[in-house]
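Trainee: Sequence plus predicted model, see below.
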Amino acid sequence: MTHYYKKYLNMVVKLLLVGKTAEKYLREGIALYSDRLGHYCKFSIVEIPELKNAKSLSREQIKEKEGELILKAVTPSERIILLDERGKSYSSVEWAAELEQKMAQNSKAIVFVVGGSYGFSQNVYDRADGLLSLSKMTFSHQLVRVIFLEQLYRAFTIIKGEPYHHE
């Protein structure tokens, strides 16, 4: 994986989030890794606003309404990967190889999606090109943002052969 191609610098990678990041320390972690990721790809974060009056809605209604907003935020040409506890798990090195393979498939963009507290609607699952699990453990949808960005950054450093990751 030491053959880091310049074409990856033109790869568009997005992180699509439902709701704003609540805690300052999480926002700082997100900013740190977002800045670092800019050296490896065209990285951006898209936040979908939280639903208003969500307390009056059932969990399924919340997932459906959030799902509609998620699907409006992506284009047909974008590959969608959901961060989901039912997804495939990888070691960091395996994840770097998987990411490199996805980038080599000439997708215009890869969009990683962190859903809301209750997960995704069936429509979002149906649109997804893959599911990624960061752990068998469950993390809050707020915390998973920083954990994923660190792993994404780590994957790019592995692909490029940089010394960030130690085996």
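Mentor: Yes, it's here.

Trainee: List the buried residues for stretch 63-78?
Mentor: 63-67, 69-70, 73-74, 78 (16 or more other Cβ atoms under 10 Å). Where you see a C-beta, it was placed from the backbone N, CA and C, and this is true even at glycine.

Trainee: report the longest strand in the chain, please.
Mentor: Taking DSSP state E as the assignment, the strand of the chain that covers the most residues is strand 79-88.

Trainee: List the neighbouring strands of it plus their orientation.
Mentor: Strand pairing for strand 79-88, using DSSP bridges, gives strand 109-114 (parallel), strand 130-132 (parallel).

Trainee: elements contacting the helix or strand of the chain with the lowest mean pLDDT?
Mentor: Each helix and strand of the chain was given a mean pLDDT (mean pLDDT, DSSP states H and E); the minimum falls on helix 92-104 at a mean of 91. Applying 3 or more Cβ pairs under 8 Å, 6 or more residues apart in numbering; DSSP states H and E, one finds that helix 92-104 contacts helix 143-160.

Trainee: and the angle for the helix it packs on with helix 92-104?
Mentor: 80 degrees (axes from the mean of the first three to the mean of the last three Cα atoms, to 10 degrees).

Trainee: now helix 143-160: mean pLDDT?
Mentor: In this model, helix 143-160 has a mean pLDDT of 95.

Trainee: Verify the contact between I147 and L134 for me.
Mentor: Yes: counting by Cβ atoms under 8 Å, I147 does reach L134; the two are 5.8 Å apart.

Trainee: So between these two, which is more surrounded?
Mentor: Higher neighbour count among I147 and L134: L134, with 19 against 15, using other Cβ atoms under 10 Å.

Trainee: helix, strand or coil for the more buried one?
Mentor: Assigned by DSSP: H, G, I helix; E, B strand; the rest coil, the conformation of L134 is coil.

Trainee: going forward can the numbers begin at 741, since that is how I track them
Mentor: Right, with 741 as the first residue, what we last looked at is L874.
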